[in-house]
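Engineer: got a predicted model here, sequence first, then my questions.
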Amino acid sequence: MRDAGLEQALKAAGGVASLARGIGIAQPSVSAWSRIPAERVLAVETLTRVHRYILRPDLYGPSENQVTSKPEKSEADEIDQLRAAEYGLLSLLLGKAPDADTLARIAMLKGDASDLGIAHIELAAAAAATDHHAVSKEFFGLFIGLGRGELLPYASYYLTGFLHERPLARVREDLDRLGIERAGPSREPEDHIAILLEVMSGLARGDFEADFAEQARFFARHLEPWAARMFADLEMSQAARFYHAVGRVGRVFMELESEAFTLS
């Protein structure tokens, strides 16, 4: 059963097909909604002009001037914590092969009928269907290899075709400006996808003294130009089994973040 906010959005958009087309997702995904997923609220609001408080009153508070109202701080914090967790999960899986405990926890992931929710369900199923020995071999073949792996998950490589190029220098400049220092034994260049995702997780969680505009800037400079493409390559890799599902989660999440930052 659809809630009142979704019904009003559908009426304003002209039906399920029009709403799905307007926000750029498949019609069956919208048909399966009982309410508008949190990550789609801003896109639906922009398309339909139905205020976010009406679409998801559990996430957004009312105000006298609804056009410019913002979510309550605690509600915004909850969304940012979910975003931080998503970035953190992807960073963990791309920084090293997951151990048995991590796979067991991923196998318990749940999801709704949204694109990201379905991707979570597929990732949970992939984790349940494998073991850490198989995933370690897969990780080695994809990212390390004998000489080099199938994929090189570095901004420099994806943007220039070479390692240790200007994109790496830009990352280092911004990390220095934000006062973020590396910790731990890893010697990967700072434009490795896992490091960039870890930084975004910290920014979303509020670990650093940076506002939302700084999150948007870091994402636009260091992830938006190439990360979705890298995740799509991972998703399509013939050697990927567990990491096929990781690629899909990453691609969908990067597309959602890009859309959200653009609307914001």
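Structural biologist: In hand now; what should we look at?

Engineer: CA only for contacts and neighbour counts going forward, please
Structural biologist: Fine.

Engineer: show me where the stretch 151-264 of the chain dips below the pLDDT cut-off.
Structural biologist: Counting by pLDDT under 70, the stretch 151-264 of the chain has low-confidence residues at 184, 264.

Engineer: can you map out the helices along it?
Structural biologist: For the stretch 151-264 of the chain, the helices defined by DSSP state H, counting those that start in this stretch cover 155-160, 166-178, 193-205, 212-222, 227-236, 242-263.

Engineer: kindly tell me how buried the residue nearest to Ser34 when sequence neighbours are not counted is, as a neighbour count.
Structural biologist: Spatially, and ignoring its direct neighbours in sequence, Ser34 is nearest to Arg2 (4.3 Å; C-alpha to C-alpha, 6 or more residues apart in numbering). Arg2: 13 surrounding residues under other C-alpha atoms under 10 Å.

Engineer: and if you look at Ser18?
Structural biologist: Around Ser18 there are 15 residues (other C-alpha under 10 Å).

Engineer: and it, which of the three is it?
Structural biologist: helix (DSSP: H, G, I helix; E, B strand; the rest coil).

Engineer: returning to what we had before: for Val16, find the nearest of the helices of the stretch 151-264 of the chain.
Structural biologist: helix 242-263 (19.8 Å; C-alpha to C-alpha).

Engineer: and that closest one with helix 212-222, angle?
Structural biologist: 130 degrees (axes from the mean of the first three to the mean of the last three C-alpha atoms, to 10 degrees).

Engineer: okay, the angle between helix 242-263 and helix 227-236?
Structural biologist: Going by the same axes, to 10 degrees, helix 242-263 makes 160 degrees with helix 227-236.

Engineer: ok now helix 242-263, how far from the chain's centre?
Structural biologist: Computed by C-alpha atoms, centre = their mean, to the nearest Å, the chain-centroid distance of helix 242-263 equals 4 Å.

Engineer: next one: stretch 28-37
Structural biologist: On C-alpha atoms, centre = their mean, the centre of stretch 28-37 falls 19 Å from the chain's centre.

Engineer: what comes into contact with it?
Structural biologist: Here stretch 28-37 makes contact (C-alpha atoms under 8 Å, 6 or more residues apart in numbering) with 1-3, 5-6, 16, 19-20, 55-56, 113-115.

Engineer: 7 Å instead, please
Structural biologist: With C-alpha atoms under 7 Å, 6 or more residues apart in numbering as the test, stretch 28-37 has contacts from 1-3, 6, 16, 20, 55, 113-114.

Engineer: now do stretch 104-114
Structural biologist: With C-alpha under 7 Å, 6+ apart, stretch 104-114 has contacts from 29, 32-33, 37, 117-118, 120-121, 124-125, 127-128.

Engineer: what do you get for stretch 143-157?
Structural biologist: Under C-alpha under 7 Å, 6+ apart, the answer for stretch 143-157 is 141-142, 162-168, 191-193, 226, 230.
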